[in-house]
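K.L.:
the following comprises the amino acid sequence and a computationally predicted model.
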Amino acid sequence: MPCAPTAMLYLFSGLPGSGKSTIAQMLSAHLGCLFLRIDTIEQTLRDLCAMKVEGEGYWMAYRIASDNLSIGNSVVADSCNPVALTRLAWHDVASKAGASAVNVEVICSDSVEHQKRVETRRAVVPGLVLPTWQGVLDRAYDAWKSDRIVIDTAGSTATQSVAELQHKLNR
């Protein structure tokens, strides 16, 4: 299924270890969309600029997404996206580029499974230090106040979760 004729921003959000990056990558590959991962951008800034990264990774991603959406390329944005401010900023990027946006929140409702994922996963971004389970529990994450598609990965494979997401996107 190719990207829609009108550019679309698929905005992924969720806590580390929920499965969001895996699902976002799979959806991006399936749709042939640009894939933007905040972790990659932020770790590159740390590596190249030896800087403490706060919001810079998001700002760079907004600009890259805007460039692509403006020329009709759909974008899958993968980030924790934990606060309303970043969620609104992403939607502003899509709006200014004349693109549509859809929020996808990935959760793992089984805390035992979620903890196991967090504690056993390996970083795929070279140099990225992954959060501990306590770090995930302590992370600020605003409750959603806008529409979104929720994908619960507990007890599901990544393939099943992507199929569920595609079904929900097609509705």
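P.N.:
All right, it came through fine.

K.L.:
quick check: the residue of the chain positioned farthest from its centre vs Ile64, distance?
P.N.:
Within the chain, the residue lying farthest from the chain centre (CA atoms, centre = their mean) is Ala50, at 24.4 Å. Per CB to CB, to the nearest Å, Ala50 is found 22 Å from Ile64. Using the backbone N, CA and C atoms, a C-beta is placed for each residue, glycine as well.

K.L.:
over to Gln115?
P.N.:
33 Å.

K.L.:
still on that earlier bit, contact partners for the residue farthest from the centre of the chain?
P.N.:
For Ala50, no contacting residues are found, by CB atoms under 8 Å, 6 or more residues apart in numbering.

K.L.:
can you give me the pLDDT of it?
P.N.:
On the pLDDT scale, Ala50 is placed at 87.

K.L.:
next: Pro2.
P.N.:
48.

K.L.:
next one: Thr132
P.N.:
Per the predicted model, pLDDT is 97 at Thr132.

K.L.:
can you give me the neighbour number for the nearest residue to it once chain neighbours are set aside?
P.N.:
Once flanking residues are discounted, Thr132 sits nearest to Val118: 7.3 Å by CB to CB, 6 or more residues apart in numbering. Neighbours of Val118 under the rule other CB atoms under 10 Å: 21.

K.L.:
alpha carbons of the strand ranked longest in the chain, as CSV, please.
P.N.:
Using DSSP state E to define each element, the chain has its longest strand at strand 100-107. C-alpha atoms of strand 100-107 as CSV (Å, rounded to 0.1, in the frame of the first residue of the first chain):
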residue,chain,number,x,y,z
SER,A,100,-2.6,15.6,7.3
ALA,A,101,-1.5,14.1,10.6
VAL,A,102,-2.6,11.1,12.6
ASN,A,103,-1.6,10.3,16.2
VAL,A,104,-0.6,6.8,17.1
GLU,A,105,0.1,6.0,20.7
VAL,A,106,1.7,2.6,21.4
ILE,A,107,1.3,1.1,24.8
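
K.L.:
elements contacting that strand?
P.N.:
In terms of contacts (3 or more CB pairs under 8 Å, 6 or more residues apart in numbering; DSSP states H and E), strand 100-107 is packed against strand 8-13, helix 20-31, helix 84-96, strand 149-152, helix 158-170.
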